[in-house]
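**Student:** Here is my input, please return the structure:
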Amino acid sequence: MKSTLRLFVAIFFIVGGFQLNAQTYKFGHIDSQKLLQSLPEYAKAQETLQAEGKSIQDQIEIMSVELNNKYNDYMENEKLPAGDPKKWSDIVKADKEKEIQDLQKRAQEFQMTAQQKMQEKQQELLKPILEKMDKAIKEVAKENKFTYIFEITTLLYYSEESIDITPMVKAKLNVQ
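**Tutor:** Residues are numbered from 1 along each chain as shown. Here you go, the predicted model:
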């Protein structure tokens, strides 16, 4: 009986303690994507990525035109009747087929490498921006005594008690 009473008293204080602590929590939320897009550094990074992307796209286009031209030449030659002096011999035909296959392979490899390099470049450009944002968010949270800061895009629900800290972080970063 005595141990049961002690258990109830202990549970009461533990639960009561949690309830008291829960009332002192301060919750905030932020739309980090919106914040990121408002930063001038992000716009600059996007411009750099777009310029590099355009350069890569231009090269892909050149390779595609070259491949299409070789393929069209091959198909035109295939349409020629047997015995036509312009028709390629088996050796030339095999060489042209290998040329087309090699160009296709090179184009695919270029696209895969370019995509990988673009992702690396994006990470390289965004890393300092994201670190700057993270630092500002943590400073705002600490200065304003927030217990938790949540990303708004992953929340299913947030109450009016949760404070949008996006404007505070923008102010910390001197962004409109």
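
**Student:** Over to residue 151: give its phi and psi.
**Tutor:** phi -80, psi 120 (degrees, to the nearest 10).

**Student:** would you list every one of the helices in this protein?
**Tutor:** Remark: helices assigned in the chain by DSSP state H are 2-23, 32-38, 40-79, 90-143, 166-172.

**Student:** tell me the angle of the fourth one relative to helix 40-79?
**Tutor:** Between the axes of helix 90-143 and helix 40-79, defined by axes from the mean of the first three to the mean of the last three CA atoms, to 10 degrees, the angle is 170 degrees.

**Student:** would you list the helices of the chain in TSV and tack on mean pLDDT, mean neighbour count and distance to residue 157?
**Tutor:** To be clear about C-beta, it is placed using only N, CA and C from the backbone, and glycine gets the same treatment. Shown next, in TSV, are these (pLDDT from 0 to 100; neighbours: other CB atoms under 10 Å; distance: least, CB to CB, whole Å):
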stretch	mean pLDDT	mean neighbour count	distance to residue 157
helix 2-23	51	9	17
helix 32-38	94	15	18
helix 40-79	95	13	28
helix 90-143	95	13	21
helix 166-172	89	18	18
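
**Student:** how about the ones you listed, which one is nearest residue 156?
**Tutor:** helix 32-38 (16.9 Å; CB to CB).

**Student:** I'd like to check what contacts the closest one. Which residues are they?
**Tutor:** 42, 129-130, 133, 137, 151, 153, 166, 169-170, 173, 175-176 (CB atoms under 8 Å, 6 or more residues apart in numbering).

**Student:** circling back to that earlier point, distance to residue 159 for the helices of the chain - can I get that in JSON lines?
**Tutor:** Formatted as JSON lines, these follow (distance: least, CB to CB, whole Å):
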{"stretch": "helix 2-23", "distance to residue 159": "13"}
{"stretch": "helix 32-38", "distance to residue 159": "20"}
{"stretch": "helix 40-79", "distance to residue 159": "30"}
{"stretch": "helix 90-143", "distance to residue 159": "18"}
{"stretch": "helix 166-172", "distance to residue 159": "17"}
